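Asks: Compute the structure for the input listed below.
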Amino acid sequence: MLVRNWMQQNPIVIGSDTLVHEAKQIITDKNLHGLPVVDDGRLRGLITRAICLRAAHYVLRTQNSDELNYFSNCVKVKDLMVRNPVTIEATDTMEHCLEVGIQHGVAQLPVMEGGRVVGIISANEMFALAAHFLSAWEKRSGITLAPMDLKPGVIGQITDIVEAAGAELQAIYPIGKPIDVNPQTHPLKRVVIRFHCDDIGQVVAAVERAGFPVIEAVQASRPDARTDNVQH
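Replies: Numbering: from 1, shown residues only. You can find the predicted model right below:
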């Protein structure tokens, strides 16, 4: 999955001399999370919704008309913007994009190609990716297995067990935190399994009989289905 296929294309950009209250209005009217700041075709910074709101709230709390007039008529984007923002390339993968966002703690990334801003990735696109990845609009049942050593063949074994229990398997997601992995071992990961079935209890019983503890179970077809949540 490449960034160019998920980004907001042809994003609205503003110059660094734009007034902050004008940038805030654009962000509000277009329901955006941030605006790349571009001068003469070069990315100079990023002004975000949070920055604009913090500045506006600060001025409003002063209840000072002079402060309000100064903010409205004098404070420019270049005074508050994030300079040299973290960026991503259009040819990068979305996996890399998410990693960069997590590492830097940012939810807006200007997308670059040939030194030009060609898009932006925001929290909206990241949520959309997660929704597509998990097929959030489909009413899938699912279980989560306790962290395990994912040796070769384990995923195939789990697949056979789930399908033998009468489930229509849709997806399997091994999930684990980044760690330094010894080449002789395998990282412990939870295994999230999504499927369609009439009775999730049969699937739970089958995988647990095979030695795979279930820490979560959700029956999608019943709104009041029992859900067991175990935190680790």
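
Asks: how's the chain carved up into domains?
Replies: With domains defined by automatic domain parsing, the chain comprises 3-132, 138-218.

Asks: I'd like a version of those in JSON lines, one that adds mean pLDDT as further columns.
Replies: Output for the domains of the chain, formatted as JSON lines (pLDDT from 0 to 100):
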{"stretch": "domain 3-132", "mean pLDDT": "90"}
{"stretch": "domain 138-218", "mean pLDDT": "87"}
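
Asks: how about JSON lines for those, with mean neighbour count added?
Replies: For the C-beta atoms, the positions are set from N, CA and C on the backbone; glycine is no exception. Output for the domains of the chain, formatted as JSON lines (neighbours: other C-beta atoms under 10 Å):
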{"stretch": "domain 3-132", "mean neighbour count": "16"}
{"stretch": "domain 138-218", "mean neighbour count": "15"}
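
Asks: residue closest to the middle of the protein?
Replies: Nearest residue to the geometric centre of the chain (C-alpha atoms, centre = their mean): M126, 3.4 Å.

Asks: Tell me the spacing between K189 and F195.
Replies: K189 is 19 Å from F195, where distance means C-beta to C-beta, to the nearest Å.

Asks: Now the phi/psi pair for the nearest residue to V106 once chain neighbours are set aside, please.
Replies: Nearest residue to V106, sequence neighbours excluded (C-beta to C-beta, 6 or more residues apart in numbering): V86, at 5.6 Å. Main-chain torsions, V86, degrees, to the nearest 10: phi -70, psi 140.

Asks: now do the one 3 residues further on
Replies: Phi and psi for E89, reported as degrees, to the nearest 10, are phi -90, psi 150.

Asks: and it, what are its bridge partners?
Replies: Going by DSSP bridges, E89 is paired in beta bridges with M112.

Asks: A165 versus that one, what's the distance?
Replies: Note on E89: its distance to A165, by C-beta to C-beta, is 44 Å.

Asks: S141 now?
Replies: The value you get for S141 to A165, if C-beta to C-beta is used, is 11 Å.

Asks: Next, show the common contact partners of these two.
Replies: Residues touching both S141 and A165 (C-beta atoms under 8 Å, 6 or more residues apart in numbering) are 197, 203.
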